[in-house]
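Student: Just need the structure, nothing else, for what follows:
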Amino acid sequence: MQAYKNAQETPANLGLDQPVKNVLVIIPGYAAGTSRIGEGSALLSAVGWLWRVLTTGNYKSFVQQYRDYYANPRSSAYMAGAIGELIGKGLPDAQVVLACPAQDDCPSSWAARRLPLPAARSDYSDVVKSLGTGVTFDAAILAHHDALGLGLYPLERALLAQFKDVFVINGRRRVYRLDQPAQQAHKLRRFLAQTRLAELLMSYHIDLLTFFLKWSNQPRKS
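Tutor: Prediction:
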C-alpha cells in the first residue's frame with residue numbers, strides 16, 4: 001500500500017499516470033456511531049455478535065468511550081483544510097465536487113461545487129448517481145476523520161465499486177490509495193477498536209496471573 005505522510009509528500013496527480021481533471025471529495029463526518037462490528041468479514045461479524053451477547057451494558061459504554069478517545073476524530077472543518085492543502089499541492093488544476101453532510105461545517109473554497117452527502121447507507125449503492133452531478137470523475141478522495149475510518153466500510157465498498165482510483169486522507173493527514181488490500185488491512189484493526197478485545201483478554205490474563213502468584217505463594221503443609 002503506497003502511503004504518503006502528508007500532502008507535501010504526495011506527488012502531482014496523486015501519483016497517477018494521467019492528469020486528474022475532475023475529482024469527487026467526500027467528507028462524511030465521524031461515523032463510528034453507525035459502525036457494525038466486523039463489517040466485511042463473516043468471521044469477525046460472528047465474533048462481534050458473540051461479543052455483543054456476552055458483554056454487559058456498562059462494558060459496552062466503556063468500550064465506546066475508549067473507542068472515541070483513542071480515535072481522536074477531527075472535525076469536518078479540519079478535514080476540509082487538510083484536503084484543501086492536498087488539492088493545492090497535488091491537484092491544483094482539478095475541478096472538485098465536494099459531498100458532505102448538509103449540517104457540517106466544511107470550508108471549501110477549493111471546491112467548484114458542494115452537494116449534500118446522502119445520509120442513508122442504501123444511497124451509497126450509487127454515490128455519483130445520487131449526487132446528480134452529471135460529471136465523470138477521474139478519482140475520488142475520501143476523508144477518514146480518525147485513523148481507521150470507523151463506520152465507513154459501506155461507503156468505501158461503494159466507492160471501490162464505482163471508481164478505479166480512490167484515495168484516503170485520514171485525521172493524521174496521511175494519504176494513501178484505498179484498494180482491496182488496504183481495506184482488508186483495516187478490518188482487524190477496526191474490530192479491535194470497536195471491541196477493545198485485546199484489552200479484555202489482557203485483563204483476564206493479568207487476573208489469572210495474579211491468582212496464580214497468590215496461590216503459589218501460599219504456605220504449604222509439610
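
Student: got a list of what the spatially most central residue of the chain touches?
Tutor: Geometric centre of the chain, nearest residue: Gly149, 0.8 Å, by CA atoms, centre = their mean. By CB atoms under 8 Å, 6 or more residues apart in numbering, Gly149 lies in contact with Ala31, Leu142, Glu156, Val168, Asn170, His186, Arg190. C-beta coordinates here come from the backbone N, C-alpha and C atoms, glycine included.

Student: which SS state does it fall under?
Tutor: Assigned with DSSP: H, G, I helix; E, B strand; the rest coil, Gly149 falls in the coil class.

Student: So of the contacts of Gly149, which two are at opposite extremes in space?
Tutor: Leu142 and Arg190 (14.9 Å; CB to CB).

Student: Any buried residues in stretch 64-75, and which?
Tutor: In terms of neighbour count (16 or more other CB atoms under 10 Å), stretch 64-75 has its buried residues at Arg67, Asp68, Ala71, Pro73, Arg74, Ser75.

Student: okay, the residues you listed in a markdown table with pLDDT, distance to Ile26 and secondary structure next?
Tutor: Shown next, in a markdown table, are the buried residues of stretch 64-75 (pLDDT from 0 to 100; distance: CB to CB, whole Å; DSSP: H, G, I helix; E, B strand; the rest coil):
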| residue | pLDDT | distance to Ile26 | secondary structure |
| --- | --- | --- | --- |
| Arg67 | 89 | 22 | helix |
| Asp68 | 91 | 21 | helix |
| Ala71 | 91 | 18 | helix |
| Pro73 | 94 | 16 | coil |
| Arg74 | 95 | 15 | coil |
| Ser75 | 94 | 16 | coil |
